[in-house]
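Peer 1: Give the three-dimensional model of this entry:
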Amino acid sequence: MSKPDAGERILSKLGYRLGEILGEGSFSKVKAATSNKYKGPLAIKVMDQRRMSSGMVYKFLPREISIMRKIRHPNIVHIFDIIEICNKTLYIVMEAADTDLLQVVCEMGWLPCVPEARDIFVQIARAVQHLHEHNVVHRDLKCENVLLTADGRRAKVSDFGFCKETHGSSDLSHTFCGSAAYAAPEVLMNIPYDPKKSDIWSLGVILYMMVTGSLPFGNTNPHSIVQQQKKGLVFSEGLPPLPGPCKALITQLLQFRPASRPSVRQVANNSWLTGHLRIRKPSGETLEEH
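Peer 2: Predicted coordinates for the structure are as follows:
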């Protein structure tokens, strides 16, 4: 067994015990952890700032830390502690999750629209609504950045590496953020964009992926994706059967023109998502679907 490094020894003194590696990136890894201070399983993201670009160290990382410290919502991963060690290693202590949405979709093929996909997606929408109402945009919404609890019922939006504070629709972004398959047309075309509207597009890709098991415009190079986006969304016959209101919501989210997309408040209050779809019977009687 390898000896603990200086950072791990400091974590131990603070009451943290590191476990197995849960995930690994180019300059970070996530480890399971427990603590004397906090109950339940934890995850600690270990970030090596020496491997990061100067832009990450001096721009994106401070922004991410600042926003994570103040954002609190049941559907956003909770940050308990942020510890910086003198060797340029950063430890972010957060609540642990069992899996992520992409893994679940890959294992199942797709999620049934009612109630699984609907119940998970409305939680994602409420998390993004909370961000937008506090003038924060995520800019990297995708299935792998949505964590799920062990019972699969609670969704938690995570990974705020590209998030930023924004001040109204006139505050445009210029940075290409996120994954091409989830990126809005204006982002892929390198046009200054409203980041709230680009978040809405990403929500549409997430919902489509959840209920079909596939990406709406492919996952090739950005130019090819934009060409497909310009042609518009098509629900092919080979897809799982989808309720009309679900199709309608996806179509609203994946509008090529940003101004045509709804606000996240409108999305979170969508009648199909909230489980109160009004159905009119031939007799004229109106029923509520739950």
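
Peer 1: CA only for contacts and neighbour counts going forward, please
Peer 2: Will do.

Peer 1: quick one: average confidence on stretch 212-231?
Peer 2: Here the mean pLDDT over stretch 212-231 is 94, rounded to a whole number.

Peer 1: now stretch 28-41
Peer 2: Stretch 28-41 shows a mean pLDDT of 90.

Peer 1: How about the secondary structure of Phe256?
Peer 2: Secondary structure state of Phe256, per DSSP: H, G, I helix; E, B strand; the rest coil, is coil.

Peer 1: and it, how many neighbours does it have?
Peer 2: Other residues lying near Phe256 total 20 when counted by other Cα atoms under 10 Å.

Peer 1: Identify the residues contacting it.
Peer 2: By Cα atoms under 8 Å, 6 or more residues apart in numbering, the residues touching Phe256 are 184-185, 229-230, 232.

Peer 1: Out of these, name the ones that lie in strands.
Peer 2: With strands taken from DSSP state E, there is no overlap with the contacts of Phe256.

Peer 1: Ranking by neighbours, what's the top pick from those residues?
Peer 2: The member of those surrounded by the most neighbours (other Cα under 10 Å) is Ala184, with 29 neighbours in all.

Peer 1: Confirm for me that that one is in contact with Val205.
Peer 2: No: counting by Cα atoms under 8 Å, Ala184 stays clear of Val205, with 9.3 Å between them.

Peer 1: Report all helices and strands that the strand or helix carrying Lys156 contacts.
Peer 2: Secondary structure from DSSP states H and E places Lys156 in strand 155-157. In terms of contact count using 3 or more Cα pairs under 8 Å, 6 or more residues apart in numbering; DSSP states H and E, strand 155-157 is assigned the packing partners helix 118-133, strand 146-148.

Peer 1: So the nearest residue to Ala259 once chain neighbours are set aside: helix, strand or coil?
Peer 2: Nearest in space to Ala259, with sequence neighbours left out and distances taken as Cα to Cα, 6 or more residues apart in numbering, is Lys197 at 7.7 Å. Following three-state DSSP, the label given to Lys197 is helix.
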